[in-house]
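Enquirer: fold the stuff below for me.
(2 chains)
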Amino acid sequence: MSSTSSAGGAGLPRGRRRTTKAGWNLLGLIVFVVLGFPLYWMLDTAFKPAKDAIDPDPSLLPTGVTLANFRRALDIADFWGPVGRSLVVSLSVVVIGMVIGLLAALAISRFAFRGRKTVIVGILAVQMIPLVAMIIPIFLLLNDLGQYDKLTGLIITYLTFILPFTVWTLRGFIVNIPRELEEAAMVDGCSRTGAFLRVVFPLLAPGMVATSVYGFIQAWNEYLYALMLMSQEHQTATVWLGNFTTKHGTEYAPMMAGATMMAVPIVVLFLLVQRKMAAGLTAGAVKG
Amino acid sequence: MSAADTTTPVKVPPPRQAPPPAAPRQPGRPRGTGGAATPWLLLVPCLLVLVLVMAYPLVRLVTLSFQKFGQPQLWGFQDAEWVGFANFRAVLGDGEFWQVVLRTLVFAAGSVICTMVLGMAIALLLQRVSPWVKTLVNVVLVASWGMPVIVATTVFKWLFDSDYGILNALLSKLPGVHLIGHNWFASGPEGLAVIMLLVVWGAVPFVVITLLAGLTQVPKELEEAARLDGAGAWGVFRYVTLPVLKPVVVMLTTLSVIWDMGVFPQVFVMRGGHPEAEFQVLNTYSYDRAFQVNDYAQGSAIALLTVVLLLGVVAVYMRQMLKIGDVE
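Expert: Residues are numbered from 1 along each chain as shown, chains lettered A, B, ... in the order given. Below is the predicted model:
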């Protein structure tokens, strides 16, 4: 390892440098193919005729495009019911989470008060609790409150999952907005609320959108609690797909069609907000 | 500037009469005005939810593991009875539990090491490839990062299917390999290796993207200087790149440990909702005890032990890293 010279290193003859670059590129393409293969194979299986999916000598290239698998996936079990429930849950979680998350983020980023540190540490500590370990007491709690198998129970549970993260990220975005802007608006006669609504809020909006989308993805993807807290007839989309594998194990082509329908909107959303989120998480990391 | 108009902007339209009384005692500095109660009022809804659905259940998890709590207690026919350490004695005295602990630790360690090594290798590779290759790999990374875990699990189940899985078909094309019909899940270690592959595939993108961001912080001059002093590629990595990246690596490893010890859906769905004994990891084991055997108390005891073990692993690891940092 130590004897090979590093890529593009100074002093290499030009021809050798070009071959090294080509070597790295080739390796990069192999990584691309290997990492991307599961995605490709999901789409390929979803769109190919079902009989080609169970070919003992499968072709690596697409063998034709059909939507039959999607129709079959929709027929096998009620699809829109679970998707509707997932949408209701995820959207409620995001809307409620953003409102109370924003209030809390404002409190810890724009106010100096006794106990502020404790609150911040507490919110970060909650994020460290492994959620899987909490399933038993949360199940018993919702059972006692009569919220078992209710969408409201699932919503309030997911709310705690996304809140710490939402508060922390929004705090990062708020800290990045200069306090002087707000002060200037207040000097010009805005009330504090007015200054927030007219000055801070518009600047915060893109960050809020990114955080909402991220929270939405979290809630949409959650499996364990959806499985435990909802009965079979009120299952959500992830549980629908999970059960698909157990009950119709051999019908892989429709299953991949189902997987595609679950994944594509989420992956697209994720691609859209990923950059913005990374900025929000690191921004303000060093500021008070 | 009353507390009310700051906390409930939705319900109360900004009242015209509010600013005048506040104006005199407000010398331009907004910090702290509106009374000490304002931040707490803003925090109330958030804290309320977190206390109800996080703090209270956490306490309940602890108390539950010292009680007898089964089906009769769940339906309210009997009161939960305090049994001291009986649950822990039962769990810790069970040989199966220790097997599960060992399996979980080996699984998590394997996943974390593979994730970090692969992630680092790909990140370093991406620094050396042409921009168009980098873009291609980046798109795949972000797309697989965004894949819901359940979808990824389903896809891997299909890739590794014994009869029609593409992997068996491809491997069988190699000379001397006959894997058609091979069941990857017939034995525990082999099946868990497949699940580990799935976990690593899902975790690598985050690691690569974070490390890439970290790599931009490594000063080019330092690398150049080390190279002029005669350091090889490995030397530059070991003595220049790695020390600069260390905080990021520590953070990523800690997160990976937390995530990989917490795998649940991957094992659960891969085994069709009923993981066999040799596939049980701590989380599925605790789940089984609680919801299959209906012994919620023992399930809680196992969950609590898992949390303690996790904290222990993370603490030991962090200390180790900090120690290394002091020496260097």
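
Enquirer: residue closest to the middle of the chain?
Expert: Here I'm looking at chain A. residue A:217 (3.5 Å; CA atoms, centre = their mean).

Enquirer: not what I meant, chain B
Expert: Centroid-nearest residue in chain B: residue B:259, 2.1 Å away (criterion: CA atoms, centre = their mean).

Enquirer: who are the contact partners of it?
Expert: Residue B:259 is in contact with residue B:203, counting by CB atoms under 8 Å, 6 or more residues apart in numbering or on different chains. Where you see a C-beta, it was placed from the backbone N, CA and C, and this is true even at glycine.

Enquirer: confidence score at it?
Expert: With respect to pLDDT, residue B:259 scores 85.

Enquirer: that's a helix at it, yeah?
Expert: Yes. Residue B:259: assigned to a helix according to DSSP: H, G, I helix; E, B strand; the rest coil.

Enquirer: buried ones in stretch B:305-322?
Expert: B:305-307, B:310, B:313-314 (16 or more other CB atoms under 10 Å in any protein chain shown).

Enquirer: now swap in stretch B:151-165 and tell me
Expert: Under 16+ other CB under 10 Å, the buried positions of stretch B:151-165 are B:151-161, B:164-165.

Enquirer: distance of residue B:256 relative to residue A:170?
Expert: 26 Å (CB to CB, to the nearest Å).

Enquirer: isn't residue B:43 right up against residue A:103?
Expert: Yes. Here residue B:43 reaches residue A:103: they are 7.3 Å apart, a contact under CB atoms under 8 Å.

Enquirer: neighbour-wise, which of the two wins?
Expert: residue B:43 (26 against 22; other CB atoms under 10 Å in any protein chain shown).

Enquirer: residues contacting that one?
Expert: Each residue near residue B:43 by CB under 8 Å, 6+ apart is listed here: A:103-104, A:107-108, A:119.

Enquirer: tell me which helix or strand the residue nearest to the centre of chain A sits in.
Expert: Assessed by DSSP states H and E, residue A:217 sits inside helix A:201-221.

Enquirer: check whether the helix or strand where residue A:266 lies contacts chain B.
Expert: Using DSSP H and E, residue A:266 sits in helix A:252-282. Yes. For helix A:252-282, a contact with chain B is found by CB under 8 Å from any CB of the partner chain, at A:252, A:255-256, A:258-259, A:262-263, A:266-267, A:269-271, A:274, A:278, A:282.

Enquirer: pick the one among the residues you listed closest to chain B.
Expert: Nearest to chain B out of the residues of helix A:252-282 next to chain B is residue A:270 (CB to the nearest CB; 3.0 Å).

Enquirer: which residues touch that closest one?
Expert: Each residue near residue A:270 by CB under 8 Å, 6+ apart is listed here: A:213, A:217, B:142-143, B:145-146.

Enquirer: which other residues reach whichever strand or helix holds residue B:157?
Expert: Under the criterion of DSSP H and E, residue B:157 resides in helix B:149-159. Here helix B:149-159 makes contact (CB under 8 Å, 6+ apart) with A:38-39, A:41-42, A:45, A:221, A:223, A:238, A:241-242, A:244-245, A:252, A:255-256, A:258-259, A:262-263, B:144, B:147, B:165-167, B:194, B:197-198, B:201-202, B:265-266, B:269-270.

Enquirer: over to stretch B:297-311?
Expert: Contacts of stretch B:297-311 with the rest of the structure, by CB under 8 Å, 6+ apart, involve A:129-130, A:132-137, B:61-62, B:64-70, B:83, B:87-88, B:90-92, B:97, B:101, B:104, B:257-258, B:261-262, B:282-283, B:285-291, B:293.

Enquirer: so of those residues, which ones are in strands?
Expert: Per DSSP state E, strands hold the following members of the contacts of stretch B:297-311: B:67-68.

Enquirer: mark which of the contacts of stretch B:297-311 are buried, thanks.
Expert: Buried among these by 16+ other CB under 10 Å: A:129-130, A:132-137, B:61, B:64-70, B:83, B:87-88, B:91, B:97, B:101, B:104, B:257-258, B:261-262, B:282-283, B:285-291.

Enquirer: picking that back up, show me which of the buried residues of stretch B:151-165 is closest to residue B:120.
Expert: Nearest to residue B:120 among the buried residues of stretch B:151-165, counting by CB to CB, is residue B:152 at 21.9 Å.

Enquirer: shaky segments in chain A?
Expert: A:1-14, A:245-250, A:276-288 (pLDDT under 70).

Enquirer: please go through chain B and pick out the longest helix.
Expert: Secondary structure assigned by DSSP state H gives helix B:95-128 as the longest helix of chain B.

Enquirer: just the mean pLDDT for it, thanks.
Expert: So the average pLDDT for helix B:95-128 ends up being 94.

Enquirer: and that helix, what other elements does it pack with?
Expert: Judged by 3 or more CB pairs under 8 Å, 6 or more residues apart in numbering or on different chains; DSSP states H and E, helix B:95-128 is in contact with helix A:14-47, helix B:131-146, helix B:188-215, helix B:242-261, helix B:282-287, helix B:296-327.

Enquirer: is any part of the helix or strand following the first one close to chain B?
Expert: It refers to helix A:14-47. Next along the chain after helix A:14-47, taking DSSP H and E as the criterion, comes helix A:50-53. Yes. On the criterion CB under 8 Å from any CB, helix A:50-53 is in touch with chain B at residue A:53.

Enquirer: which parts of helix A:50-53 are buried?
Expert: Of the residues in helix A:50-53, those buried (16+ other CB under 10 Å) are A:50, A:52-53.

Enquirer: just checking, next helix/strand downstream of it?
Expert: helix A:68-76.

Enquirer: give me the distance from that next one to the chain's centre.
Expert: A distance of 26 Å separates the centroid of the chain from that of helix A:68-76, by CA atoms, centre = their mean, to the nearest Å.

Enquirer: okay, the angle between it and helix A:14-47?
Expert: Computed by axes from the mean of the first three to the mean of the last three CA atoms, to 10 degrees, the angle separating helix A:68-76 from helix A:14-47 equals 40 degrees.

Enquirer: just the C-alphas of helix A:68-76, formatted as PDB.
Expert: What follows is helix A:68-76, C-alpha atoms only, in PDB (Å, rounded to 0.1, in the frame of the first residue of the first chain):
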ATOM      1  CA  ALA A  68     -49.300  -5.300 -15.100                       C
ATOM      2  CA  ASN A  69     -47.200  -5.800 -11.900                       C
ATOM      3  CA  PHE A  70     -48.500  -2.500 -10.600                       C
ATOM      4  CA  ARG A  71     -52.100  -3.500 -11.300                       C
ATOM      5  CA  ARG A  72     -51.500  -6.800  -9.600                       C
ATOM      6  CA  ALA A  73     -49.900  -5.100  -6.600                       C
ATOM      7  CA  LEU A  74     -53.000  -2.900  -6.200                       C
ATOM      8  CA  ASP A  75     -55.300  -5.900  -6.500                       C
ATOM      9  CA  ILE A  76     -53.600  -8.200  -4.000                       C
END
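
Enquirer: contacting residues around it?
Expert: Outside of helix A:68-76, the residues within contact range by CB under 8 Å, 6+ apart are A:45-50, A:79-80, A:244, A:248, A:251, A:253-258, A:260-261.

Enquirer: now with 10 Å?
Expert: Residues outside helix A:68-76 that contact it (CB atoms under 10 Å, 6 or more residues apart in numbering or on different chains) are A:45-50, A:53, A:79-80, A:240-241, A:244, A:247-248, A:251-261.
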